[in-house]
Structures are given as C-alpha cells and as structure tokens.
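# Provided below for reference: sequence and predicted model.
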Amino acid sequence: MRRTTDGAPASRRSPRLTPATLLLAAVGLLAADWGYRRVGDSLVGGGLLDETAHLLTALLVLWAIGRSACERFMTPTLIASVAIDIDHVPARLGLQWLTAGTPRPYTHSLLTIALLLAAAVLWRRRRWVTLGLALGVSLHFFRDLAESGTGVSLLWPWSDHAFTLPHGGYLATMAAVVLIDAARCAPWRRPLHGSQASIRMKPNAIPGRIEPDVGERREKQMPAASLNSASALPPGREPQSQPADLAIRSPSG
C-alpha cells in the first residue's frame, strides 16, 4: 500500500485537481443542486441528485484543503459523504425508530462525529481512515443544513431542535471553495517537469541561450585543467605518460 511521508495510507486513484476536472465538478454541483431543488426529496430522482451534490461538495472541499488532505482522506471522505444516508432506509420502509421527533435520523448529529473522532484517538493504526470518515460526515451535515424545509438535529440526544443554514450561504461558501481550487490549479503554480526543470536561466545569461548542464560544464573544464597541470611542470621536463598496459610477471623460482 502506498503511504505518505508520515505513514498515512495514500489514495491510489483519487480524482486529480486540474482545470478540466474542476470545471466538471463545479458545473456538476450546480446542476445537481438545482435539479434536487426542482425535483424534491423523491427516492429515485431527488435522491441521486442529492447524493451527487454531497459527493461533489466533499471533493471540492478536499481539493481546496490541499494535496496532503487528498492523499490521506480522499477515499474515506468521499465514501462517508454519501454512505451516512443509509440511515434513511428504515424510514423509507416505514420504520420510525431512528427518526421519531427529528427531521433526520438520530445518526445525523454531532454525536456521530464525536464517536468517529474518539475512534481515531483509540484506534491509532487506522486514525487516518476514521478522520476521513469524520470529515465526510461533517461535510454531509453542512449541505444538509442548507436544504430547505428540513434541518439537522445536531444536538441529539440532548435536543431535538433542527438547525438550518441559508441555502445562499451554502452556495457562497462553495463558490469561495471553487475559487481556492482555481488558484491551486492555476498554470503558474504548476511545477516544471522533465527538460523544463533542467533548463534554468542564470540572472546574467543571454536571453535565448540555454546554459549547459553541470555535467557538460565539467566535461568542458577537464581538458583545461589537464593543460594547466602540464604547464606547471619545470622547464625541460616532459609530462610522463601512463603505460597502456602493465604486464604482471610471476616470480621465478
């Protein structure tokens, strides 16, 4: 398993932040959010659109946090950002033992996040996984707070009060996140690769002239160094040439 420098497991095939992927994710989030608000909380159409919006919200936020967060948390965060809605299944089947008195199941509360953080402290070998799950659940709750007509009982079991956020605040926050992502994948922030990294101009170099590599400069300086050593000999003394071959004779009995 590939790991980061501090030993955390790294995601192998996480979506990379590029101008193209950022455009697709941002447009996809807007389309899914708009479609969900038009369709409503239906099981098929509305549910798929809502989960798509949750997934893209988590992806955009991870990109904004940075590359290290993507390597550590990408897979568990994306999974948790949609998997937490499994707790809606009993209510869809007519069982209200998870939603009595609250607009959403009891697991949609800060208690779930607290349990995941406690697991990260106690289960240190898998702390990056549990931290990623906690981040994904937190981002899921952030979007749920902005969905009109419902809310989230964050303080359950101490209170059934449903907290909400203006939907415009959610959209403004995600617009700021997209701007951060755009700054991170801007062309001037890309590192040089291959021959571009080896070709560097000196401050006093002539424009349009490519400076040789260090190895080439050493090869060009070697003949000059040998001539200087030869000229340093006393007058009338020729430099000794090394024999091409040395014959090894065995001692005679």
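Looks like it came in fine.
# Output the below-cut-off pLDDT ranges for the stretch 1-150 of the chain.
Across the stretch 1-150 of the chain, the ranges flagged by pLDDT under 70 are 1-13, 43.
# 80 instead, please
1-14, 40-45, 148-149 (pLDDT under 80).
# Correct me if wrong: R184 contacts I65.
No - using C-beta atoms under 8 Å, R184 is not in contact with I65; the gap is 9.8 Å. The way it works is simple: take the backbone N, C-alpha and C, and place the C-beta from them, glycine included.
# phi, psi of the closest residue to E51 other than its chain neighbours?
Spatially, and ignoring its direct neighbours in sequence, E51 is nearest to V82 (4.7 Å; C-beta to C-beta, 6 or more residues apart in numbering). Note on V82: backbone dihedrals following degrees, to the nearest 10 are phi -120, psi -30.
# need the contact list for V82.
Listed by C-beta atoms under 8 Å, 6 or more residues apart in numbering, the contact set of V82 reads E51, H54, L55, H140.
# Give me the subset of these that lies in strands.
Using DSSP state E, no member of the contacts of V82 falls in strands.
# Dump those to TSV, plus neighbour count and distance to V177.
Formatted as TSV, these follow (neighbours: other C-beta atoms under 10 Å; distance: C-beta to C-beta, whole Å):
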residue	neighbour count	distance to V177
E51	17	19
H54	26	14
L55	22	14
H140	25	15
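# which residues does L117 contact?
Counted by C-beta under 8 Å, 6+ apart, L117 has contacts T130, L131, A134.
# still on that earlier bit, distance check, the residue nearest to E51 against P105.
V82 sits 15 Å away from P105, going by C-beta to C-beta, to the nearest Å.
# ok, now T77?
The value you get for T77 to P105, if C-beta to C-beta is used, is 20 Å.
# for H140, same thing?
According to C-beta to C-beta, H140 stands 12 Å off from P105.
# burial count for M174?
23 (other C-beta atoms under 10 Å).
# Can you list the buried residues in the one helix or strand it maps to?
Assessed by DSSP states H and E, M174 sits inside helix 167-184. In terms of neighbour count (16 or more other C-beta atoms under 10 Å), helix 167-184 has its buried residues at Y170, M174, V177, V178, D181, A182.
# List the contacts of the nearest residue to the last one once chain neighbours are set aside.
Once flanking residues are discounted, A182 sits nearest to L22: 6.4 Å by C-beta to C-beta, 6+ apart. Under the criterion of C-beta under 8 Å, 6+ apart, the contact list for L22 reads W63, V178, D181, A182, C185.
# Show me the contact partners of the helix or strand hosting the first one.
Which is W63. Using DSSP H and E, W63 falls within helix 45-65. Outside helix 45-65, the residues that touch it by C-beta under 8 Å, 6+ apart are 15, 17, 22, 25-26, 28-29, 32-33, 35-36, 39-41, 69-70, 73-74, 77-78, 81-82, 85, 135-136, 139-140, 142-143, 147, 174, 177-178, 180-181, 184.
# tell me the angle the helix or strand R72 falls within makes with helix 167-184.
Using DSSP H and E, R72 sits in helix 67-83. Computed by axes from the mean of the first three to the mean of the last three C-alpha atoms, to 10 degrees, the angle separating helix 67-83 from helix 167-184 equals 150 degrees.
# buried stuff in helix 67-83?
69-83.
# Then stretch 119-139?
Neighbour counts over stretch 119-139 (16+ other C-beta under 10 Å) mark 119-120, 127-139 as buried.
# Same question for stretch 22-41.
Neighbour-count burial for stretch 22-41 [16+ other C-beta under 10 Å]: L22, A25, A26, G28, L29, L30, A32, D33, G35, Y36.
# T107 should be in a helix, yeah?
No - according to DSSP: H, G, I helix; E, B strand; the rest coil, T107 belongs to no helix; its state is coil.
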